[in-house]
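Sharing a sequence plus its predicted fold:
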Amino acid sequence: MSEDVLSFEEAMERFDPVLGFEVHVELNTNTKMFDAAPNTFGDEPNTNITPVSLGLPGVLPVVNGKAVESAIKLGLALNCSIAEKCHFARKNYFYPDTPKNFQTSQYDEPIAFDGQLELELEDGTPFTIEIERAHMEEDAGKLTHVGGATGRIQGAAYSLVDYNRSGVPLIEIVTKPIVGAGSRAPELARVYVAAIREIVKNLGISDARMERGNVRCDANVSLMPKGTTEFGTRSETKNVNSLRAVERAVRFEIQRHAAVLSAGEKIVQETRHWHEDTRSTTSGRPKSDADDYRYFPEPDLVPVVTTEAWIEELRAQLPEPPAQRRKRLKAEWGYSDEEFRDVVNAGVMDEIEQTIATGASPAVARKWWMGEIARLAKQAEVEIVDLPVTPAHVVEVNALIDEGKINDKLAKKVIGFVVEGEGSPSEIVEARGLAVVSDDGALTAAVDDAMAQMPDVVEKIKGGKVQAVGALIGPVMKATRGQADAGRVRQIILEKLGVQG
Amino acid sequence: MSAINREQVAHLAELAHIEMTEEELARVAGELDLIVSSVASVSQAAGPDVPATSHPLPLQNVFREDVVGETLTQEEALSNAPDSQDGKFRVPAILDGE
Amino acid sequence: MSERIVELSAADLAAKLASGDVSSVDAVNAHFEQIDATEGQAVDSADPHKGTDGLNAFLHRNREEALQVAQDVDQARANGEQLHELAGVPIAVKDLIVTKGQPTTAASRMLEGWMSPYDGTVTKKLRAAKMPILGKTNLDEFAMGSSTEHSAYGPTRNPWDLNRIPGGSGGGSAAAVSAFQAPLALGTDTGGSIRQPAAVTGTVGVKPTYGSVSRYGVIAMASSLDQVGPCSRTVLDSALLHEVVAGHDPQDSTSLNDPVGSFAAAARQGAEDGGLKGLRVGVVKQLTGDGFQTGVQQRFNEAVELLQSAGAEVVEVETPNFEYALGAYYLIMSSEVSSNLAKYDGVRFGLRVVPEGNPTIERVMGASRAAGFGDEVKRRIILGTYALSAGYYDAYYGSAQQVRTLVQRDFNAAFEKVDVLISPTAPTTAFKIGGVDESADPMQMYLNDIATIPTNLAGIPAISLPGGLAPEDGLPVGIQFMAPAREDARVYRAGAGLERLLNEKWGGPVWSSRGDVATTVRDFAAGAALGGK
């Protein structure tokens, strides 16, 4: 099977991409979708379960009311219509991570449908995504594959199943086909998923941590020859679990499709798997009539019926929409268009808002988040928000500077150690002895050395040219490896020379 | 309504994950054909204006408070497992080794 | 003494327990004596799947725990504690209802040895009422059948004639109650699995309004049709047991949030004069005549005449859409079955069969399900898979759900004219074990449920009570009353009224003319041994 790719530019010359996304959002409810087991990440295997989440004989599901409200809120935030009445449905398929061998989902009656989402690309270009539907369903358990290469399912001797995640509430958001993105398609993919993540986080309905699988994206890609309007055969790339990967996966699939089509071959309608290491996709299983899911209304659950009053009550609880909020924050912070766009694209608007709320100025907040912290993230090839630095850390670092305990240079080091998990800034300064040296004994010795080496400078100062003091401070700082308190050094020099500052 | 043949039953058995012998497939095809022709009149019973009833009584909006309840211990969860390892259920390979 | 205890109704036994005439331990022991005397011996001691040469009504006997509960009740009574009315009255439970600490098999090889780590809601209610659970009763595998022949652990035999079926799927519960092994039993009714066994064993069985009794912890067959209900020898006893197990359950989304009705009061009132006077009774035209055995029809007609003579207003009602009910039932039931039984795959619990070689999980699932399920279960799973599959959904499942609406409309129209509907419960008396060749025509067996199925589709309550013996074969005939949803009290009132009239007519309960079951079993076993089978 050909895995050739065409260059992206060439692909764009010949074809127009059509995209589609299915984004799964794990809700952060206390309990699962259909039973009272805790919805908690990362505990001992098979402990966050009830007989229901294990699908034991005789059990019955009961809907988590909070999850339904979360789904309605998300529907409203995506400008969807909310169903007056909807059923749950069973999606029947056998897989060992699915305890009942059916997934309880929604089929022809999603809770929310026909919405739209206004996006802005990085340069500010607006783009509207049409939302087909958002429906409620449950997550599956987690499989570990043993005996093959690097935990892959291929070649594994056997697998182990942990059902802790089984039944965790999910909302699946499905877009209508997205046309017209052209060469911006990969970027649009990233911006779309980022927007969904931002919305669910803003609504407080999900922890929205992609690395934990709270937000998971399946990306559909197909190509149409330039000038035509009939959609091509699509591939569905599963579980692309970072913003960067979404962009890369879409780009790769466009290039792969283009190569296949240019060679006169046909695209197979299939599932593809994204591999971060090779930055490419491989074939999963082809769609077949084995995908006959035999949906039917879930007889163990009764319909969800919404009223105008209930929907309005939930609408009133919605936080300010992200777009509106951005406009407001930009004005409040006084950032330029470009500065603000960079903040948004870096995904640290919340962090900056919290940093300011915790006591730093907008300038200070931007300086750190878009400066040293952004640099560290880039270096680690992760999103800024995925670093363990919090707004409180930044405020603390800034306070240490204001108090004269550390300087800017030391502060950068401190943040580096925070990222490495060494604790809070104060703890790090303490443990590593990073505080600026204001011990007069050590400083006086360094000052004496510097003065001895630069008698001409000493003379200039004595002669009233106070600003020349800087030439002495430099060597002192060097001698103390940057830890000297520059203000104190200046004071000592002036005192020694009997000059008024 | 066309007669149900062996191939159709083989496909249904695959969907239902029930291995069947050739003899069973042939027998079930015959039985299924009989049942299906006996119940075929159902599709002519109601006009398009008749709504479907999926639940015998019209309940709606039955929700649970989002409060954690009693859980099983790992030992209880695995107590009936045909095979387990490291606190997890163990299953044979999902994909064919070849 | 013990012979008399087991023949007592639950209400009478409860009265004797309360007065101290009988202890609960005595009651439990007496019933185990009867069980031991009637269950028979394993046909093959090495293979539990062959059943016994006796009734084979129980799959598991819970002697120790039952005696422990009985002792606790006796002690509590001696201490003057306030107890539930039925405390200490023993009960048998259909082996489709999960019980912590005892096996639950659904009469399937699939669940052989499975021990539930949790109790069903009805099980909890029985424990709360301190009713000793004698054991788990036999059934058609996963409740699919009308004869209990589909049990993986051998058929249950009818106490009236051991060569005959006790009905199904709840043949074990009905036979146990009929043969004085237990005064009360729990059953489940998806298309008649409580009522048809009651009819053919000369006992009482009630399918409550859908949602009246929690289904949590009841192994699902067809979720939108299943309902737990009581089995007993008198109408009042069923009413008493219904009150124990009914009530809203937050763990069952389809559970009704209504206060539990006064069923026992309704039964007592029905047994008094006036329970039937002025009651408007509708004879369902579509559930009489063709296809109904002559003796069944005869006893039914006599029952209707008795009602009339007692002051009931009898009219005939039409339910034209019942013609489609059986077909719709089989499509809906099998569809839900195909999905409900998917969880039995040998991954988390139950039978796992690993074929030769190095099979994938897919093949292990396929082999486990092939070995764990019997023919009837497989037949229904395949039918349901077909009915739900792409291209057939609208014609089958969709249409069947529309028929459900039509059947409900028929009932609604009828209940505008009458208070209760009446019909024979089953078209025939008990047939011979092995007497229906299902492979030749599976629909033949399904026709047993023709009169019971419409109420399951509509979710309404119905009772079956003994209507006497058919003259041609001397076997029990069942009479069914049906009432609107949530009007369960009405079927108890009408049922108790008719029960009293029939007892007066025949000079006692239907079983008073029957020979001693323990003797019948002994003779049967000896005969079977002589016959060399």
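That came through fine.

remind me which residues of chain B are low pLDDT?
B:1-2, B:97-98 (pLDDT under 70).

any idea of the pLDDT on A:Pro455?
Note on A:Pro455: pLDDT of 87.

Ok, the one 5 residues further on next?
As predicted, A:Lys460 sits at a pLDDT of 86.

Just say helix, strand or coil for it.
helix (DSSP: H, G, I helix; E, B strand; the rest coil).

isn't it right next to A:Ala468, touching?
Yes. Contact criterion CB atoms under 8 Å: A:Lys460 and A:Ala468 qualify, at 4.4 Å. Glycine gets a C-beta too; all of them are placed from N, C-alpha and C.

which residues touch residue 9?
If you meant another chain, say so; for now it's chain A. Each residue near A:Glu9 by CB atoms under 8 Å, 6 or more residues apart in numbering or on different chains is listed here: A:Ser183.

ah, I was thinking of chain B
B:20, B:25, B:28-29, B:32, C:382.

and which of these is nearest to chain A?
C:Ile382 (12.3 Å; CB to the nearest CB).

does any part of the helix or strand harbouring that closest one sit near chain B?
If you go by DSSP states H and E, C:Ile382 is part of helix C:375-388. Yes. Helix C:375-388 is in contact with chain B by CB under 8 Å from any CB of the partner chain, via C:378-379, C:381-383, C:385-386.

so which two of the contacts of B:Val9 are the farthest from each other?
Farthest-apart pair in the contacts of B:Val9 is B:Met20 and B:Leu32; separation 11.9 Å (CB to CB).

which stretches of chain B form helices?
B:6-15, B:22-39, B:42-45, B:74-78 (DSSP state H).

what sits against whichever residue of the stretch 351-500 of chain C sits closest to chain A?
Taking CB to the nearest CB as the measure, the stretch 351-500 of chain C has C:Leu388 as its residue closest to chain A, at 3.7 Å. Each residue near C:Leu388 by CB under 8 Å, 6+ apart is listed here: A:92, A:294-296, C:335, C:338-339, C:396-397.

run the last query once more with 7 Å
Neighbouring residues of C:Leu388 by CB atoms under 7 Å, 6 or more residues apart in numbering or on different chains: A:294, A:296, C:335, C:338, C:397.

Filter those residues down to the ones in strands?
A:Phe296 (DSSP state E).

Confirm that A:Ile284 lies within a strand, as I assumed.
Careful, residue A:284 is Gly and not Ile. Yes. Secondary structure of A:Gly284 (three-state DSSP): part of a strand.

pLDDT score assigned to A:His393?
Taking A:His393 on its own, its pLDDT is 93.

Then C:Gly372?
For C:Gly372, pLDDT reads 98.

Go ahead and confirm B:Ser38 touches C:Gln444.
No. Taking contact to mean CB atoms under 7 Å, the distance of 10.2 Å between B:Ser38 and C:Gln444 leaves them out of contact.

residue ranges with poor pLDDT in the stretch 101-250 of chain A?
If you take pLDDT under 70 as the line, the stretch 101-250 of chain A has these spans: A:150.

Chain B contacts on that one?
A:144, A:153-162 (CB under 7 Å from any CB of the partner chain).

which of the residues you listed are buried?
A:144, A:156, A:158-162 (16 or more other CB atoms under 10 Å in any protein chain shown).

Keep only those of those that are in strands.
Using DSSP E, these in strands are A:144, A:158-162.

tell me which of these is nearest to C:Ala267?
The nearest one, if we look at these relative to C:Ala267 and count by CB to CB, is A:Val161, at 50.1 Å.

Not counting its neighbours along the chain, what's nearest A:Asp16?
Nearest non-adjacent residue to A:Asp16, counting by CB to CB, 6 or more residues apart in numbering or on different chains: A:Met224, 4.9 Å away.

Quickly run through the sheet partners of the helix or strand harbouring the one you found, with directions.
Per DSSP H and E: A:Met224 is located in strand A:215-225. Using DSSP bridges, strand A:215-225 pairs in its sheet with strand A:15-26 (antiparallel), strand A:235-240 (antiparallel).

what about the first one, average pLDDT?
With pLDDT averaged residue by residue, strand A:15-26 scores 97.

Can you list the neighbours in contact with that strand?
Contacts for strand A:15-26 (CB under 7 Å, 6+ apart): A:139, A:168, A:170-175, A:177-179, A:181-182, A:185, A:189, A:192-193, A:196, A:200, A:206, A:213-226, A:231, A:250, A:254, A:258.

With stretch A:177-186 instead?
By CB under 7 Å, 6+ apart, stretch A:177-186 touches A:12, A:16-20, A:121, A:129, A:188, A:231, A:247, A:250-251, A:254.

what's the most buried one of the strands paired with strand A:215-225?
Ranked by mean neighbour count, the strands paired with strand A:215-225 are led by strand A:15-26 with a mean of 22 (mean count of other CB atoms under 10 Å in any protein chain shown).

Export that strand to CSV, keeping only CA atoms.
Extracted C-alpha coordinates of strand A:15-26, given in CSV (Å, rounded to 0.1, in the frame of the first residue of the first chain):
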residue,chain,number,x,y,z
PHE,A,15,-7.1,19.9,-4.6
ASP,A,16,-9.5,21.5,-2.2
PRO,A,17,-9.6,19.8,1.2
VAL,A,18,-12.9,19.0,3.0
LEU,A,19,-12.7,18.6,6.7
GLY,A,20,-14.9,17.2,9.4
PHE,A,21,-14.3,16.7,13.1
GLU,A,22,-15.7,14.5,15.8
VAL,A,23,-14.4,15.9,19.1
HIS,A,24,-15.1,13.9,22.3
VAL,A,25,-15.2,15.9,25.5
GLU,A,26,-14.9,14.0,28.8
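
Which neighbouring elements make contact with the following helix or strand past it?
Next helix or strand after strand A:15-26 toward the C-terminus (DSSP H and E): strand A:63-64. Packing partners of strand A:63-64 (3 or more CB pairs under 7 Å, 6 or more residues apart in numbering or on different chains; DSSP states H and E): strand B:63-64.

Give me the contact status of the strand it packs on with chain A.
Yes. If you take CB under 7 Å from any CB as the test, strand B:63-64 does meet chain A, through B:63-64.

so what's A:Met33 up against?
Counted by CB under 7 Å, 6+ apart, A:Met33 has contacts A:64, A:67, A:136, A:138, A:167-169.

what about 10 Å?
A:27, A:39, A:53, A:61-64, A:67-68, A:88, A:104-105, A:136-139, A:166-171, B:64 (CB atoms under 10 Å, 6 or more residues apart in numbering or on different chains).

Next: B:Ser41.
C:323-324, C:326-328, C:399, C:403.

Measure how far the helix or strand encompassing A:Val476 is from the centre of its chain, please.
A:Val476 belongs to helix A:470-479 when assigned by DSSP H and E. Mean-position distance between helix A:470-479 and its chain equals 43 Å (CA atoms, centre = their mean, to the nearest Å).

next one: stretch C:480-496
17 Å.

mind checking the end-to-end distance for that stretch?
For stretch C:480-496, the first-to-last residue distance is 12 Å (CA to CA, to the nearest Å).

same question, stretch A:301-309
23 Å.

Could I get the average pLDDT for it?
Per-residue scores along stretch A:301-309 average to 97.

Then stretch C:11-30?
97.

Give me the three-state assignment for the spatially closest residue to C:Glu336 that is not a sequence neighbour.
Spatial nearest neighbour of C:Glu336, chain neighbours left out: C:Ala222 (4.1 Å); criterion: CB to CB, 6+ apart. The local conformation at C:Ala222, judged by three-state DSSP, is coil.

Give me the neighbour count for C:Ala222.
24 (other CB atoms under 10 Å in any protein chain shown).

residue contacts, it?
A:299, C:143-144, C:190-191, C:329, C:332-340, C:380, C:384, C:456.

I'd like the distance between it and chain B.
11 Å (CB to the nearest CB, to the nearest Å).

any idea how far A:Gly474 is from that residue?
For C:Ala222, the distance to A:Gly474 equals 86 Å [CB to CB, to the nearest Å].
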